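Visitor: Dropping the sequence and predicted coords here.
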Amino acid sequence: MNEKLLKSAERKEQLLLTALTIPALISVTLIIVIPVGWLFSLSFLGKSGDFSLENYQKMIVYKSYFRVFKTTFNVSFLTTIFCILLGYPLAYFLSQVPKKLVGIFMITVLLPFWTSLLVRTYAWLVLLQKKGMINNFAIDMGIWETPIKLAHNLNGTLVGMIHIMLPFMVLPLYAAMQRIDRQTMQAASNLGASPIQAFWQIFVPLSLPGVAAGSLIVFILCLGFYVTPAVLGGGKVIMVSMQITAILEDQFNWGAASALGVVLLVTTFIFLLLASRFLKLDSIMFGKH
Amino acid sequence: MKQNITSLEISIKDLTKRYGKIYALDTVSLDIKAGEFLTLLGPSGSGKTTLLMAIAGFNRPDSGSIKFANQEMILTPPHKREVGMVFQNYALFPHMSVFENIGFPLKLRKAPNDQIKEKVHDALKTVQLSDYANRKIDQLSGGQRQRVALARAFVFGPRILLMDEPLSALDKKLREQMQIELKQLHRKLGVTTVYVTHDQREALTMSDRIAVINEGKIEQLGTPKEIYNSPNSSFVADFIGESSFLQLNRKGDDLYFSSEKIITNKKLNKNKEWAMVIRPERLSIVNKSYRKNSSNIHFSGEISELVFQGETALALVKLMEGNFLSVRLSTKSSDDFNNLKTGNKIQLCMNRKDVIIIPH
Amino acid sequence: MIFSFKKFFYATACSTLLAGSAFADAVTVVSWGGSYGKAQDAALFTDASRDSGIAINRESGASMSKVMLQVESGAVIWDLVVTGSGGAANAAKNGALEKIDFNVVDVSNFLDNTYTDYCIGSDVFATVGAWNTEKYGEPGTPGAPNSWADFWDVEKYPGTRSLRLNNVDGVLEPAVMAMGIPPEEVYDFLSSEGGIDKAIDKIRELKPHISVYWKSGAMQAQLMKDEEVDFITGWNGRFDNAKKDGAKVGYTFNQALRDYDCFAIPKGAPNKDLAMKFLGEVSKAKYQANLPFHITYGPTNKEAYEITTAPKELIEALPSHPKNFSKMLAVSLDWYANNREVALEKYMEFLSE
């Protein structure tokens, strides 16, 4: 009875639901699919405007491209590691602090989010440069005698990037630690684990999804960094995005720049694929257990 | 199974724990015998879990003493107390297999691997999960998790076992089955067991003794029978079993309900009001051939509600005096229930021995 | 500071409207930031606009890659753009620039090699080696650096160095001269087999002492003001202005690289004819004569040297002054046209090491 009517009602509902996704689909197409496709096609255009692999061949001929990728991955990796080392204790502290105080401490973590990236980067330059605040202070206090090179190198770049990336590590870590059942820790203690044993054998393993999520976010965001290494690296830390800018600014070579972009995109994808092999990405991203 | 577990007695004295102005525990004293199954029974917020957590060492009381076999434990951190505990939500380690969960306390005690293997398998056998050693926790049902938590709590041979509402997450059928199994396990292990629940039926089913807790105090301590048959306060009477209360009148040293004299051997405190507690199953409907006699108390009234509940039925009877009494009826087809209707006038009787008098 | 979205919205909307209305009758003139753009405003644009009655709309951030993007996408919004000589040559080669109408722009009095068919020189500048005078002495005093060999001599002049980042213009020539090759043979050397590699090898020698690479004229000035580096390559006018701001910096024209900046009109500029007229106006000697007061870059119009009221010392400090002219090496646009791409790839490779 009413079989046909019910079926058509269901079909209508499905159509409506599909229709609701159309604005999202259109914006994704306009904002992501078309530009990326354009980038992709540009990378296969040679100087003459015909199809050519010269942009990719150049990357093999000149070692600079490989080195720039190496630097990019190296800097991203180091930033991620330091973010874990700094972010983990911070997130742990946040997860242990009484609920009422979390908000206050969270603001201090999130504050960097609300300041311009450029401003923060130049602030670090002011602090770290040869005659900057840190060197001046240390020399005045007699801590060291000649200025130490803190900026315009890898160290300076890392300091700036870690500062900017830290919230991206702390937030997923904090979320993961929040999800850890307090009774699990009590159980460990009850079974004879000292606080240190309980921390390493129970808390740390259970917080690993947060570490993985944070690391993935930080690492992938780092791959595309431009401002911070450009300002604090002093030209010695050249990452892919900087190379792309250089090629556009000084060579007017859209094809070569696009090819670099495509390679960065593809390597990022490969990295994500590898990561999803070893980590349960969907559970990290969508908080499933 | 090897039986070399020695159980310990627990002696709690004047234990007090305050949260702000609220007393979670108010000078609680309690002696738990070695090998006993003692249940802390009370409504939520009564302090029963606080007391259990104090025994486990997870909260630090403001004052008082907790001794295991005459040894003061109040300052001993939880990981050095050697008590096993089953948590309300099991608190299993989700990143470990069943085997690793149960082996965890043994590994901490640096037991050799073959010994761990043997003990874990023994424990798994005890809780009837022998085939599940390599399962992940998220592949287990609620009842199976319960058993793993249990095995983990006793595998290292603790002298005291604590359980915090371990069955509350299970459905009714499984819960009743587990109650029996826990009881059997207790008999097998012989370990002093402190069990927290808010389910009076569970408490009655399992315990050697029950401590009824309310507002941070122990209201009554006794065997299930004592608690059920002679509650010493309206709280205990109300909380355990079903009951109707009838306010009593005092004439000299005697207590009356209506014109009926209720004999009591209690020493009457002059300043107190008294009430009679009536369990619904202790009442019977009398038939025409019945003759009143002095060993029974009698009531007459009218049925105002009849509820069929399966194995039994419940009748709400409005007495001539205006009070209401619940009466439990058999649902056997030959019995009263099938002939009764709302509005029927009936006579009820109850043995004087079943009378419970409490201060009210 | 509290960010107001409303304010931002109005500001954006207003500037868009203003820009839209300006397109109709005003020439959009785009130059660089820092002291360079300010000097051009003060000496050239304001007066030329007033005298000719051609309204202008000044913008900053000139770049030939943006011009090429505008031309390629058919959305040209700039009319007159400042560029380096090499950048103009490259853009012209790619067909991104309008041909100059020499009936409108009079170059009869211009210095040799300061204009092409596609761009008109605005000033002569030099890429020099500049140093911290507190460390190495005032220019011209005994013991002060005086050649590119000194730039490379880290024993005589110990300290940090700075070279250009991501751009090879003016990078290789100093290295060649530091090897002892005379200025007039530099481009022959670079064009010879392995010349570029040898120059880069020479730069590699200096690498341990290079503490930072610069990206812009403003950064050259900033690095010297902050005393972040001791010896740097860069554009002479920027250092003079930094010195005015209190930086302890000096330089020599000896072996410096002489080059010129110029104006170009993007292909399909919305006010092409008006822009050409304005270019003719701004290239007149009477405006260029004021340039030295604001930045030590030399006029390209010879007549400007005759009519300028600038004092003798100022004129003698210009890279285009005959006294300095002869000490310098003229940048070869030909060489760059043929070799820039390979040289840049190799320099980028060096940078990434």
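Guide: Looks like it came in fine.
Visitor: secondary structure element for whatever residue of the stretch 151-300 of chain B ends up closest to chain C?
Guide: Nearest to chain C in the stretch 151-300 of chain B, going by Cβ to the nearest Cβ, is residue B:169, at a distance of 49.6 Å. Every C-beta, even on glycine, is put in place using the N, C-alpha and C of the backbone. When elements are assigned from DSSP states H and E, residue B:169 belongs to no helix and no strand.
Visitor: Check it and give its pLDDT.
Guide: pLDDT recorded at residue B:169 is 84.
Visitor: where in the chain is pLDDT low?
Guide: Since no chain was named, I'll use chain A. Filtered on pLDDT under 70, chain A yields the residue ranges A:280-289.
Visitor: oops, chain C please
Guide: In the predicted model of chain C, residues C:1-24 satisfy pLDDT under 70.
Visitor: if we can go back for a sec, hmm, residue B:89 and the residue of the stretch 151-300 of chain B closest to chain C touching each other?
Guide: Yes: counting by Cβ atoms under 8 Å, residue B:89 is a contact partner of residue B:169 at 6.8 Å.
Visitor: if we can go back for a sec, ignoring the adjacent residues along the chain, who's closest to the residue of the stretch 151-300 of chain B closest to chain C?
Guide: Counting by Cβ to Cβ, 6 or more residues apart in numbering or on different chains, residue B:169 lies nearest to residue B:142, which is 5.8 Å off, once chain neighbours are set aside.
Visitor: That neighbour and residue B:89, how far apart?
Guide: Residue B:142 sits 10 Å away from residue B:89, going by Cβ to Cβ, to the nearest Å.
Visitor: joint contacts of the two?
Guide: residue B:169 (Cβ atoms under 8 Å, 6 or more residues apart in numbering or on different chains).
Visitor: Just give the strands next to the strand or helix carrying residue C:59 in its sheet, each with its orientation.
Guide: Following DSSP H and E, one finds residue C:59 within strand C:55-60. Here strand C:55-60 is paired, per DSSP bridges, with strand C:26-31 (parallel).
Visitor: what's the partner strand in contact with?
Guide: Strand C:26-31 has contacts (Cβ under 8 Å, 6+ apart) with C:22, C:37, C:40-41, C:45, C:54-62, C:77-82, C:270-271, C:274-275, C:278.
Visitor: any idea how chain B splits into domains?
Guide: Domains of chain B are assigned by automatic domain parsing as B:10-239, B:244-359.
Visitor: Show me what from chain B comes close to chain A.
Guide: Contacts of chain B with chain A, taken as Cβ under 8 Å from any Cβ of the partner chain, map to B:56-58, B:77-85, B:87-89, B:91-95, B:104-105, B:108-109, B:138, B:152, B:156.
Visitor: Filter the residues you listed down to just the buried residues.
Guide: Buried subset of the residues of chain B next to chain A (neighbour count, 16 or more other Cβ atoms under 10 Å in any protein chain shown): B:56-58, B:78-79, B:81-85, B:87-89, B:91-95, B:104-105, B:108, B:152, B:156.
Visitor: so which of these also contact chain C?
Guide: Counting by Cβ under 8 Å from any Cβ, nothing from these sits close to chain C.
Visitor: Among those residues, which lie within strands?
Guide: Those of these mapping onto strands are B:83-85, per DSSP state E.
Visitor: out of those residues, which one sits closest to residue A:63?
Guide: Taking Cβ to Cβ as the measure, residue A:63 lies nearest residue B:85 of those, at 62.4 Å.
Visitor: one step back: of the ones in strands among the buried ones among the residues of chain B next to chain A, which is the nearest to chain A?
Guide: Nearest to chain A, judged by Cβ to the nearest Cβ, of these is residue B:85 at 4.6 Å.
Visitor: now the helices: where do they sit in the stretch 151-300 of chain C?
Guide: For the stretch 151-300 of chain C, applying DSSP state H, counting those that start in this stretch gives helices covering C:172-178, C:186-191, C:195-206, C:217-225, C:236-244, C:272-282, C:285-288.
Visitor: hang on, residue B:178 in a strand?
Guide: No: with DSSP: H, G, I helix; E, B strand; the rest coil as the criterion, residue B:178 is assigned helix and is not in a strand.
Visitor: Quick one: the helices in the stretch 51-200 of chain B, in order.
Guide: Ranges of helices within the stretch 51-200 of chain B are B:98-108, B:113-126, B:142-154, B:172-189, B:200-206, based on DSSP H, counting those that start in this stretch.
Visitor: how big is the angle separating the second one from helix B:172-189?
Guide: Think helix B:113-126. Using axes from the mean of the first three to the mean of the last three Cα atoms, to 10 degrees, the inter-axis angle of helix B:113-126 relative to helix B:172-189 is 130 degrees.
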